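Q: here are the coordinates; sequence isn't available:
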């Protein structure tokens, strides 16, 4: 089981069974016991079972949340996403539009996707103006961080040889490696020069086909702004 799967399993068990099932069940038990005491005192032992429908509704709600979480897709957030979210409004009309789209997507992203960042993203977010750094890090502080492991390193080396990136563009290779290694469903980015780029995606598909690896869908927030059901 990969690291994201373990994180998901832990968070799922905690949030669903403790916060949703255990607490209401304990509350129900207290109510139920109280009802039993009152019923026994009144000579009616059946009255105490009136709280069972509440417990049943808790369990049904729990099951629905499990199904919802299980259906969520895994999304790798490349550095441009928190950067656009934390940045001040741009005077450039195109960038300003991208910022607004990113804000709109962010409003529902947590409820629709399992969001991840990586150590590479954190390294890039920690560069620049101290105030901007603080805003960016605050946005992602609750997100799980994908660790740099040997598989990510190996993919980074392989892509460095096969994708044809050079100069500063090579700094974007680790993001592709993380997303592939951890089997993300989407890689969301505004880096249309070196990542969300048709030619780059073609090269990545070819490289991963040779490695027998799956390739995440590389998209901008605009392309996943709304679900197909909306």
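A: The structure has been received and is ready for your questions. Quick caveat, the model's predicted, so the values are computed rather than measured.

Q: Below-threshold pLDDT in the chain: ranges please.
A: Applying pLDDT under 70 to the chain picks out residues 1-70, 227-230.

Q: Can you tell me the SS state at residue 90?
A: Look at residue 90: counting by DSSP: H, G, I helix; E, B strand; the rest coil, its state is coil.

Q: what's the closest non-adjacent residue to it?
A: Leaving out its chain neighbours, the residue that sits closest to residue 90 by C-beta to C-beta, 6 or more residues apart in numbering is residue 96, at 4.7 Å. For every residue, glycine as well, the C-beta is placed using N, CA and C.

Q: Which neighbouring elements make contact with the helix or strand harbouring that neighbour?
A: Using DSSP states H and E, residue 96 falls within helix 93-112. Counting contacts by 3 or more C-beta pairs under 8 Å, 6 or more residues apart in numbering; DSSP states H and E, helix 93-112 packs against helix 80-86.

Q: what residues does the helix it packs on touch?
A: With contact meaning C-beta atoms under 8 Å, 6 or more residues apart in numbering, helix 80-86 is reached by 98-99, 102-103, 106, 117, 121, 125, 132, 135-136, 138-140, 188-191, 221.

Q: sorry, back to before: look up how far residue 89 lies from the residue nearest to residue 90.
A: Distance from residue 96 to residue 89, counting by C-beta to C-beta, to the nearest Å: 6 Å.

Q: Show me which of those two is the more surrounded one.
A: residue 96 (13 against 9; other C-beta atoms under 10 Å).

Q: The more buried one contacts residue 88, doesn't it?
A: No - the pair residue 96 and residue 88 fails to qualify as a contact (C-beta atoms under 8 Å) at a distance of 10.3 Å.

Q: mind listing the helices for this protein?
A: 3-12, 23-42, 52-71, 80-86, 93-112, 119-125, 130-140, 150-162, 173-181, 198-211 (DSSP state H).
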